[in-house]
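Asker: mind looking at a prediction? Sequence and model below.
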Amino acid sequence: MASAAPINLRAQDTPYVPPTSLPTSSSQTGSTARIQIIDDEKKFTPDLATQIERWGLRDAGFSYNIVAVFGSQSTGKSTLLNRLFGTTFDVMDETRRQQTTKGIWMCRGKDMGVMVMDVEGTDGRERGEDQDFERKSALFSLASSEILIVNLWEHQVGLYQGANMGLLKTVFEVNLGLFGKKAQDGSNGRTLLLFVIRDHIGQTPLANLQATLTADLNRIWESLSKPTDLKDRLLSDYFDLAFTALPHKILSADKFESEVQELRTRFVDKESSDYLFKPAYHKRIPADGVAFYMEGIWEQVQTNKDLDLPTQQELLAQFRCDEISAVALAEFNEQAKSQKRPVEGGRVVEGLGAMMNNWRTQALTRYDRDASRYHKGVYGRKRADLVAVLDSTLSPLFLGQLKNLHKSCLVTFKKEMLDGLHGEDYDFANVFKRAREKSERTFSEGGKEALVEGTDWSWEEELELLRDEIRAVADQCRKDETTKMINLIERNLKKHISEPVELHLGKASPDMWDEILRVFRDTLDKAEKTYLTKAKSFNCTEEENTAALDALRKRGWVALRAKIDEQTADPIILGKLRNHFEERFRYDEQGVPRVWKPDDDIDSAFMKAKDQTLDLVPLYSKISPKDTSLEFNLPSESNDSFSNDDFDLSTSPVIFTETKCLDLTNKFRRDADAYYVEAKRSTVASIAQIPYWIYGVLVVLGWNEAMLVLFNPLYFAFLLLAMATSYIIAQLGLVGPLFQVTRTVGSEIQRQATARLREHFSQPVLAEPVQVGPSRDREEVGQIQ
Ligand SMILES: Nc1nc2c(ncn2[C@@H]2O[C@H](COP(=O)(O)OP(=O)(O)OP(=O)(O)O)[C@@H](O)[C@H]2O)c(=O)[nH]1
């Protein structure tokens, strides 16, 4: 039934706003601006979240309250709300009994964290028989607010339709579906129904009115068709009831005002025992999720589905937690990005672990702060998702940092080794230990620092990899150092054997090889001792030592062979043989040079010296000591890494092959023969010596010519010129070449002359038979033909 409110009441303090000019959305600015959250087309506004933010309530968490009003049209609901909460809802112009509030409006209470909903009145003349909206708006108000103010005139009490009891019954029924289970399992879901009895004259005491209303409500409750598992539930299990009465606004205006103020304190004064916003009524929706939550509820109310508030809350939680998580993640990603490039570039970022921990904690704290108010299960699940995403972003940084640390520690290790292995007096084992400890310590510290709390990451595996590489590098180092040492020892060995080998090979005595091998063995022994002393500090294994010593022996032997080969190269060995021969052929037993005379036995001396010299060829051809104990036993072939020669060690004692020996013998024979010829020639030369008196004859006979030259200026000038030229030639050392040239020219002239003469004298003798012989016959044959 329509409201029986007085028609001629005057609103004293609220401006008239014609219904046609009603704003359809947020119409004011400031902290008490109102917004139409559901318009008369039953559409939910998309601007509520923004408006809540404008009201400054977005970050209020749970520190806010929602209150809604329910009651017949034009029963002074907006007036009451404006008075109680300082809101700015439109109030009806009392001259025209017409609906003012259309749809549902919301406004923030002045100086209080309360969102107040003004709901379109029931029994609206404008909607006629269409009760759909009032049912929906009542459900919506009940589901979203903590306190539902039921506004009714005093005279409506006891009436069924007038007091909206029919509507309340429907609402209770649906409410049982909504909150029945929640109340059963003890979770929040209670709502306070605050009955405000308007225009209370005082004739009927409030207590009586309260009893009537309570009885009516209980009766309605009893008549509800409840689900079987909830059939024993009482109204008080779900609702708290509160009653208050307000005097007539016009007739007892002052009283009205003072009592409204009194009622207001019950909404404001948290300390008061009458405080109405009890925590039990709170829907536990964080303020930043209210808009989304309400929209969801309205959608469900609209589609006429059974309202499933827990699902709504979960949906809200999912939506909001995702949003909050995305915000936290965006900031986190920005932070993580800053270090991505350096880490990927191979740099060890100082304090990366602290940074990563910080970003992660910041993101989680931010998420926890905003999202922990939502549905616990959803919050927990989304948090786990967020943690997984955070960790998957940090993990490459962590692994990259470990890789970079690994690399830098390896570089440090190599550098330490290089610095430590400087000079001669280092202890390899100590250098290695120091370098290894330093790089492992650096890695462990860096690895620990890079760890992110709350993850099961570990750096120990990477440390193991580093250790393996350090070991490999150290082994290589030791090998290099050992090779270096062996090279050094080899160089010294070469130096030491060089002179004795030259000396003994030069002497060519039968025990020449014994002497050489003795020196070689002594030098090699010393070298081996040097190696072993040094190898101790290298911590070399027994196998490594054996390999190194084998290598040393082989290389020593190769060095000895190289020296012997150098000393037995063709020109040198021929020189040696020649010297040996000369010593025996050109010098006598006392070492005095021989001057051969015609009656000397050159032949037998030559044969003896030659045979003695040729005996040396087999001696030189093979390293064969008389003392067999000196024979050098080459180490068996082993796969050591120190030898890089391709020398055939098995044939190494042989210096000249048989062919080579033959070749040398022949070459030497030719040399020796030349000596023999020379010796013979020298005896002939001594026979053809010019007698001394010939020089006296020459002086006597040439006296006149000499005087002529001396006293003739022209001849004398020629003589002087010839002497000066000779002097210059002698000074320039050109005498030899000049003689050579002269001799060549002379011999050429002689050759040419001999040839001409031979040609000249032989021609007449050979010409005759030719002329008379076959050619003539040929001519004759031609003529006959
Ligand atoms: N008698 C009486 N009249 C009142 C009281 N409060 C407000 N009015 C008047 O009742 C008329 C309607 O007031 P509103 O506050 O607009 O009522 P409403 O319930 O919000 O109206 P709708 O929004 O259209 O449902 C106005 O003219 C007010 O001046 C009251 O306590 N007693």
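Answerer: Received the coordinates, thanks. Residues are numbered from 1 along each chain as shown.

Asker: any stretches of the stretch 351-500 of the chain with poor pLDDT?
Answerer: Residue ranges of the stretch 351-500 of the chain with pLDDT under 70: 423-425.

Asker: ranges for the helices of it?
Answerer: According to DSSP state H, counting those that start in this stretch, the stretch 351-500 of the chain carries its helices in the segments 352-371, 376-420, 428-450, 460-507.

Asker: redo those as TSV? Include mean neighbour count.
Answerer: C-beta: built from backbone N, CA, C; applies to glycine. Output for those, formatted as TSV (neighbours: other CB atoms under 10 Å):
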stretch	mean neighbour count
helix 352-371	19
helix 376-420	18
helix 428-450	18
helix 460-507	16
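
Asker: what's the closest of those to residue 280?
Answerer: helix 376-420 (18.1 Å; CB to CB).

Asker: and this structure, what are its domain boundaries?
Answerer: Segmentation of the chain into domains, based on the TED database, reads 35-307, 312-457, 484-636+649-683, 689-732.

Asker: for residue 471, which of these is the nearest?
Answerer: Closest among the domains of the chain, using CB to CB: domain 312-457, at 8.6 Å.

Asker: straight-line length of that closest one, end to end?
Answerer: 38 Å (CA to CA, to the nearest Å).

Asker: give me the distance between the spatially closest residue to residue 368 that is not a sequence neighbour and the ligand.
Answerer: Of all residues not flanking residue 368 in the chain, residue 383 sits nearest, at 7.4 Å (CB to CB, 6 or more residues apart in numbering). Going from residue 383 to the ligand by CB to the nearest ligand atom, to the nearest Å gives 44 Å.

Asker: residue 383 and residue 367 touch, don't they?
Answerer: Yes. Counting by CB atoms under 8 Å, residue 383 touches residue 367, with 6.4 Å between them.

Asker: got the buried residues for stretch 601-611?
Answerer: 602, 605, 606, 609, 610 (16 or more other CB atoms under 10 Å).

Asker: if we can go back for a sec, overlap in contacts, residue 383 and residue 367.
Answerer: residue 321 (CB atoms under 8 Å, 6 or more residues apart in numbering).

Asker: what ranges do the strands span in this structure?
Answerer: Secondary structure of the chain by DSSP state E: the strands cover 34-38, 65-71, 104-108, 114-119, 147-153, 191-198, 239-245.

Asker: how close does residue 592 get to the ligand?
Answerer: In terms of CB to the nearest ligand atom, residue 592 sits 156 Å off from the ligand.

Asker: my guess is residue 481 meets residue 418, correct?
Answerer: No. Here residue 481 does not reach residue 418: they are 10.8 Å apart, not a contact under CB under 8 Å.

Asker: what part of this structure, helix or strand, is modelled with the least confidence?
Answerer: helix 774-784 (a mean of 40; mean pLDDT, DSSP states H and E).

Asker: give me the number of residues near the closest residue to residue 494 other than its chain neighbours?
Answerer: Closest residue in space to residue 494, ignoring its immediate chain neighbours: residue 559 at 4.7 Å, by CB to CB, 6+ apart. A count of nearby residues for residue 559, using other CB atoms under 10 Å, gives 22.

Asker: contact partners for residue 53?
Answerer: Residue 53 neighbours (CB under 8 Å, 6+ apart): none.

Asker: and the gap between it and the ligand?
Answerer: From residue 53 to the ligand the distance is 27 Å (CB to the nearest ligand atom).

Asker: next one: that residue from residue 108, what distance?
Answerer: 11 Å (CB to CB, to the nearest Å).

Asker: low-confidence ranges in the stretch 51-200 of the chain?
Answerer: Looking at the stretch 51-200 of the chain by pLDDT under 70, you get 93-100, 123-131, 160-163, 174-175, 177-189.

Asker: need the residues of it near the ligand, please.
Answerer: Counting by CB under 6 Å from any ligand atom, the residues of the stretch 51-200 of the chain close to the ligand are 73-79, 91-92, 94, 99-101, 121, 198-199.

Asker: 8 Å - rerun?
Answerer: 69, 71-82, 89-94, 98-101, 118, 120-121, 124, 151, 153, 198-199 (CB under 8 Å from any ligand atom).

Asker: among the residues you listed, which ones are in helices?
Answerer: Counting by DSSP state H, those place 77, 78, 79, 80, 81, 82 in helices.

Asker: what about the helices in the stretch 151-300 of the chain?
Answerer: 165-184, 206-223, 253-268, 290-302.

Asker: quick one, what contacts residue 566?
Answerer: Listed by CB under 8 Å, 6+ apart, the contact set of residue 566 reads residue 572.

Asker: going forward can the numbers begin at 258, since that is how I track them
Answerer: Yep, numbering from 258; the last one is residue 823 now.

Asker: thinking again about what came up before, now the buried residues of stretch 858-868 in a markdown table, with pLDDT and distance to the ligand?
Answerer: Below are the buried residues of stretch 858-868 laid out as a markdown table (pLDDT from 0 to 100; distance: CB to the nearest ligand atom, whole Å):
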| residue | pLDDT | distance to the ligand |
| --- | --- | --- |
| 859 | 82 | 159 |
| 862 | 85 | 157 |
| 863 | 87 | 154 |
| 866 | 87 | 150 |
| 867 | 88 | 149 |
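
Asker: which among those gets closest to residue 980?
Answerer: For those, the nearest to residue 980 is residue 859 (42.4 Å; CB to CB).

Asker: name the nearest residue to the closest one, sequence neighbours excluded.
Answerer: Going by CB to CB, 6+ apart, residue 859 has residue 936 as its nearest residue, at 5.3 Å.
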